[in-house]
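**Student:** what would the 3D arrangement of this be:
(one chain, ligands or ions: 2)
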Amino acid sequence: MKIEKIVLRQIEMPLVHFFETSFSRTYSRNIILVEAVCEGLSGWGEITAGENPFYNEEWTDSAWLIAKNYVAPRIIGKELGSAMDVDPLTRHIRGHNMARGGVEAAIWDLQARRNGNPLWKEIGGGARKEIPCGVSIGIQDTVEQLLDKIAQELAAGYQRIKMKIKPGWDVDVIRQVRGRFPSIRLMADANSAYTLADSARLKQLDEFYLMMIEQPLDHDDIIDHAMLQPQLETPICLDECIRSAHQAAQAIRLKAGRIVNIKLGRVGGFAEAKRLHDVCEAAAIPVWCGGMLEAGIGRAHNIALATLPNFTLPGDVSASKRYWKRDIIAPEVETTPNGTIVVRDEPGFGYELDHDYIRHLTVRTEAVS
Ligand code: OSB
Ligand code: MG
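**Tutor:** Residues are numbered from 1 along each chain as shown. Ligands and ions are numbered 1, 2, ... in the order given. Predicted coordinates:
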């Protein structure tokens with residue numbers, strides 16, 4: 001397979017409800033879609049960078065430049081034995097995993113379509129026909145609003161609730177959530193809002209028997225997490241600081257956490273996500289699929305990823321309608337009353353693209369060939 005052309009499209013999509021983390025509040029997404037073309041077939045990917053460099057160093061504009069000037073030119077025209085060959089062509093680019101990963105994912109989708117296979121089969125997944133789903137609920141204006149949201153998501157069937165926390169929206173809020181919902185599967189995500197100096201405060205969370213606390217400390221830290229974990233009963237789940245299988249191996253060796261959130265973009269695509277999955281599986285560390293407020297393409301890629309065997313915990317992959325009035329794929333992603341998503345068997349990522357709507361949302365386009 002030789003990629004002839006890579007088309008980048010930036011779309012702007014308003015969220016149905018703002019999403020607030022410890023680092024920012026988002027009302028509208030600016031997402032880069034990647035189309036990789038070979039012999040009349042196209043594969044599609046989504047770059048999961050945020051609108052600002054606050055989750056990690058990437059954002060829409062940096063990802064656009066990296067994808068256009070560094071990633072695409074290194075792939076176009078090269079003879080690829082398989083999509084596995086894409087990752088080594090761009091590995092020497094430092095950082096910018098989301099820009100690399102969005103292009104890589106498009107080529108996996110293309111390969112799946114060429115072979116007439118669903119993407120989950122192409123990546124070696126298929127351990128489950130339905131993936132277990134949780135939801136990630138942002139920081140709200142009031143605790144009452146948070147409690148209402150949780151009640152609504154539980155009524156929809158979601159299997160676990162993740163709530164975002166930050167200093168000032170943590171122990172007291174979780175106490176109220178636990179008071180109202182004593183037996184739900186609950187976890188908290190701090191997005192790096194604390195330091196080791198907050199150990200005593202984080203230790204107070206043990207009282208609420210959370211499934212895990214996600215990335216309490218610095219975005220690029222492993223060592224402090226290894227100092228914190230033995231002080232807590234609550235398992236630490238690592239997100240931001242795990243960008244490669246190698247870093248996961250190091251974190252596991254240092255006992256910096258007991259669970260890993262895998263995000264396709266954060267690690268640079270399917271090849272590295274698979275290696276990371278395998279490293280965790282060999283160490284009996286369960287993983288789950290994280291989310292970056294993806295539109296339909298990224299969402300569908302996450303569903304395929306979550307069919308690998310060690311994705312045993314409910315992830316942050318949920319229904320399209322929680323994010324968008326209208327998604328860019330058809331049908332949109334829906335959940336069952338049991339809080340699962342049924343994996344589709346159509347070739348590629350398994351959904352139809354809504355080209356008209358994508359055209360309507362597009363604010364810039366550039367093709368590299
Ligand atoms: O840390 O998991 C995170 C969204 C944007 C940036 C970081 C994170 C998140 C989420 C939302 O938690 C997951 C989703 O619903 O897509
Ligand atoms: Mg997180």
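**Student:** domains for this protein, by residue range?
**Tutor:** Domains of the chain are assigned by automatic domain parsing as 5-116+354-368, 122-342.
**Student:** including distance to residue 348, could those domains go into TSV?
**Tutor:** All C-beta atoms are positioned from the backbone trio N, CA, C, and that covers glycine. Converted to TSV, the domains of the chain look like this (distance: least, C-beta to C-beta, whole Å):
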stretch	distance to residue 348
domain 5-116+354-368	4
domain 122-342	9
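**Student:** Serialize the ones you listed to a markdown table and add fields for mean neighbour count, mean pLDDT and distance to ligand 2.
**Tutor:** What follows is those, written out as a markdown table (neighbours: other C-beta atoms under 10 Å; pLDDT from 0 to 100; distance: least, C-beta to the ion, whole Å):
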| stretch | mean neighbour count | mean pLDDT | distance to ligand 2 |
| --- | --- | --- | --- |
| domain 5-116+354-368 | 19 | 98 | 8 |
| domain 122-342 | 20 | 98 | 4 |
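**Student:** rebuild these as JSON lines, extending it with distance to ligand 1.
**Tutor:** Converted to JSON lines, the domains of the chain look like this (distance: least, C-beta to the nearest ligand atom, whole Å):
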{"stretch": "domain 5-116+354-368", "distance to ligand 1": "5"}
{"stretch": "domain 122-342", "distance to ligand 1": "2"}
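**Student:** leaving out chain neighbours, which residue sits closest to the residue nearest the centre of the chain?
**Tutor:** For the chain, the residue nearest the mean C-alpha position is residue 291 (2.9 Å; C-alpha atoms, centre = their mean). Nearest residue to residue 291, sequence neighbours excluded (C-beta to C-beta, 6 or more residues apart in numbering): residue 316, at 3.8 Å.
**Student:** now do the same contact list for that neighbour.
**Tutor:** For residue 316, the contacting residues are 134-136, 162, 261, 288-291, by C-beta atoms under 8 Å, 6 or more residues apart in numbering.
**Student:** swap in 7 Å and give it another go.
**Tutor:** Under the criterion of C-beta atoms under 7 Å, 6 or more residues apart in numbering, the neighbours of residue 316 are 134, 136, 162, 289-291.
**Student:** where exactly do the strands run in the stretch 251-369 of the chain?
**Tutor:** Ranges of strands in the stretch 251-369 of the chain, per DSSP state E, counting those that start in this stretch, are 259-262, 287-289, 329-330, 340-342, 352-353, 362-368.
**Student:** max pairwise distance over the contacts of residue 316: which two?
**Tutor:** Comparing every pair within the contacts of residue 316 by C-beta to C-beta identifies 162 and 289 as the most remote, at 12.4 Å.
**Student:** got the phi and psi for residue 16?
**Tutor:** Main-chain torsions, residue 16, degrees, to the nearest 10: phi -70, psi -20.
**Student:** who touches it in this structure?
**Tutor:** Residue 16 sits in contact with 323-325, where contact means C-beta under 7 Å, 6+ apart.
**Student:** so what's residue 136 bridging to?
**Tutor:** residue 162 (DSSP bridges).
**Student:** looking at the contacts of residue 316, which is nearest residue 61?
**Tutor:** Comparing these against residue 61 with C-beta to C-beta places residue 291 closest, at 21.6 Å.
**Student:** isn't that closest one up against residue 314?
**Tutor:** No - assessed by C-beta atoms under 7 Å, residue 291 is found out of contact with residue 314, at 11.7 Å.
**Student:** and the closest residue to residue 269 other than its chain neighbours, what does it touch?
**Tutor:** Leaving out its chain neighbours, the residue that sits closest to residue 269 by C-beta to C-beta, 6+ apart is residue 104, at 3.2 Å. Shown in contact with residue 104 (C-beta under 7 Å, 6+ apart): 86-87, 268-271.
**Student:** what do you get for residue 241?
**Tutor:** Contacts were defined as C-beta under 7 Å, 6+ apart; by that measure residue 241 touches 215, 219-222, 247.
**Student:** export those as TSV, with columns for distance to residue 339.
**Tutor:** Output for those, formatted as TSV (distance: C-beta to C-beta, whole Å):
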residue	distance to residue 339
215	24
219	29
220	33
221	32
222	32
247	31
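**Student:** bridging residues for residue 47?
**Tutor:** Applying DSSP bridges, one finds that residue 47 bridges with residue 32.
**Student:** what distance do you get for it to residue 198?
**Tutor:** Separation of residue 47 from residue 198 (C-beta to C-beta, to the nearest Å): 33 Å.
**Student:** one more: residue 30?
**Tutor:** In terms of C-beta to C-beta, residue 30 sits 33 Å off from residue 198.
**Student:** now the angle between strand 362-368 and the helix or strand residue 14 falls within, please.
**Tutor:** Using DSSP states H and E, residue 14 maps to strand 5-20. With axes from the mean of the first three to the mean of the last three C-alpha atoms, to 10 degrees applied, the angle from strand 5-20 to strand 362-368 works out at 150 degrees.
**Student:** relative to the whole chain's centre, how far out is strand 5-20?
**Tutor:** Relative to its parent chain, strand 5-20 has a centroid offset of 15 Å by C-alpha atoms, centre = their mean, to the nearest Å.
**Student:** note down every partner strand of it and its orientation.
**Tutor:** strand 25-38 (antiparallel), strand 362-368 (antiparallel).
**Student:** using CSV, list the CA coordinates for the first one.
**Tutor:** When you say that, I think you mean strand 25-38. The C-alpha trace of strand 25-38 is given here as CSV (Å, rounded to 0.1, in the frame of the first residue of the first chain):
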residue,chain,number,x,y,z
ARG,A,25,-13.7,24.8,30.2
THR,A,26,-14.5,23.8,26.6
TYR,A,27,-17.7,24.9,24.8
SER,A,28,-16.8,24.0,21.2
ARG,A,29,-14.3,21.6,19.7
ASN,A,30,-11.9,22.3,16.8
ILE,A,31,-11.1,18.9,15.4
ILE,A,32,-8.8,17.8,12.6
LEU,A,33,-10.0,15.0,10.4
VAL,A,34,-7.5,13.0,8.4
GLU,A,35,-8.3,11.3,5.1
ALA,A,36,-5.6,9.0,3.7
VAL,A,37,-6.1,8.0,0.0
CYS,A,38,-4.8,5.0,-1.9
